[in-house]
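K.L.:
Here is my input, please return the structure:
(one chain, ligands or ions: 1)
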Amino acid sequence: MTIELKAAAVRVKSPDGGSELTLLEELTLELTEQRIAVIGANGSGKSTLLRLLNGLIAPSSGSVEVNGLDTVREGAAVRRQVGFMFTDPLSQLVMPTPLEDVELSLRRSHPKAPERRAAALQVLERFGLESLAEHSVYSLSGGERQLVALSSVLAVQPKILVLDEPTTLLDLVNTHRLVELLAGLEQQVVLASHDLELACRAERLLVIDQAKVVYDGDPVAGVRQYRELALARAKTWKA
Ligand SMILES: Nc1ncnc2c1ncn2[C@@H]1O[C@H](COP(=O)(O)OP(=O)(O)OP(=O)(O)O)[C@@H](O)[C@H]1O
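P.N.:
Okay, here's the model as predicted:
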């Protein structure tokens, strides 16, 4: 798996329509590792970077390619390879129940309804969610919804999985479950998180600060640098 950013930058017009805001400064990167974590302060640009990876955001200049496919020109093909999990699972659970949501994901791979249902149930079983299959997604807890969203994304067997703060809504047990589950996946995984323990399990860490990648390398050293940066920032902040 190769994700390539070639001088990719994201700029938008500021809400007042005047100046231009840079959400991500020009970035050239080749991501080939199986486990990549992105950390950084609130508003630093993590989600912006992740959204570039499956074409949810187009670069304002430069390009992003996934296994040689351009995320703008070949967006649909890219999205078939790159599964994306949002921080808020309700932004991606579109069907009334977990079973129907996974069935929706499987509509291409399993065109016949009875087979689709059986396959969807198997997916939910794999995640220990079978007892919730026919519950309303609105009656599920935040963590349960997050696991359902993940099972829907993985149901189509993407080659790459991008997760935006996947443990934010999870309790400790479900965090451990998710961490183990991610560790066992064959997919390339790119995730943004404020969970520094989770970030340390990656092979490669990117630290983003004020729209710029300020560290790229070994996770343990990167987390140390990020802690120092955060501490220095906190000291300059006055209530
Ligand atoms: N469409 C937009 N127009 C203007 N500003 C935007 C737009 N999208 C994002 N931003 C701003 O860009 C910055 C980076 O946002 P981003 O969501 O990438 O941050 P983040 O690192 O994921 O933050 P968090 O940890 O809080 O989720 C933020 O200041 C955000 O307000």
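
K.L.:
shaky segments in the chain?
P.N.:
For the chain, applying pLDDT under 70 flags the ranges 238-239.

K.L.:
quick one: the strands in it?
P.N.:
For the chain, the strands defined by DSSP state E cover 3-13, 20-31, 35-40, 61-66, 69-70, 82-85, 160-164, 188-192, 204-209, 212-217.

K.L.:
could I get the ones you listed as JSON lines with distance to the ligand?
P.N.:
For the C-beta atoms, the positions are set from N, CA and C on the backbone; glycine is no exception. Listed next are the strands of the chain as JSON lines, based on distance: least, Cβ to the nearest ligand atom, whole Å:
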{"stretch": "strand 3-13", "distance to the ligand": "4"}
{"stretch": "strand 20-31", "distance to the ligand": "4"}
{"stretch": "strand 35-40", "distance to the ligand": "5"}
{"stretch": "strand 61-66", "distance to the ligand": "15"}
{"stretch": "strand 69-70", "distance to the ligand": "22"}
{"stretch": "strand 82-85", "distance to the ligand": "13"}
{"stretch": "strand 160-164", "distance to the ligand": "7"}
{"stretch": "strand 188-192", "distance to the ligand": "6"}
{"stretch": "strand 204-209", "distance to the ligand": "6"}
{"stretch": "strand 212-217", "distance to the ligand": "12"}
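
K.L.:
Need those in JSON lines (columns: distance to Leu104 and mean neighbour count).
P.N.:
Putting those into JSON lines (distance: least, Cβ to Cβ, whole Å; neighbours: other Cβ atoms under 10 Å) gives the following:
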{"stretch": "strand 3-13", "distance to Leu104": "26", "mean neighbour count": "18"}
{"stretch": "strand 20-31", "distance to Leu104": "29", "mean neighbour count": "16"}
{"stretch": "strand 35-40", "distance to Leu104": "28", "mean neighbour count": "24"}
{"stretch": "strand 61-66", "distance to Leu104": "23", "mean neighbour count": "18"}
{"stretch": "strand 69-70", "distance to Leu104": "24", "mean neighbour count": "18"}
{"stretch": "strand 82-85", "distance to Leu104": "14", "mean neighbour count": "23"}
{"stretch": "strand 160-164", "distance to Leu104": "18", "mean neighbour count": "23"}
{"stretch": "strand 188-192", "distance to Leu104": "23", "mean neighbour count": "25"}
{"stretch": "strand 204-209", "distance to Leu104": "32", "mean neighbour count": "23"}
{"stretch": "strand 212-217", "distance to Leu104": "35", "mean neighbour count": "16"}
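
K.L.:
quick one, which of these is nearest to Pro111?
P.N.:
strand 82-85 (20.4 Å; Cβ to Cβ).

K.L.:
Let me have that closest one in CSV, keeping just the CA atoms, if that works.
P.N.:
This file holds the C-alpha atoms of strand 82-85, laid out as CSV (Å, rounded to 0.1, in the frame of the first residue of the first chain):
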residue,chain,number,x,y,z
VAL,A,82,-9.9,3.5,1.5
GLY,A,83,-12.4,3.0,4.3
PHE,A,84,-13.0,6.1,6.5
MET,A,85,-14.3,6.1,10.0
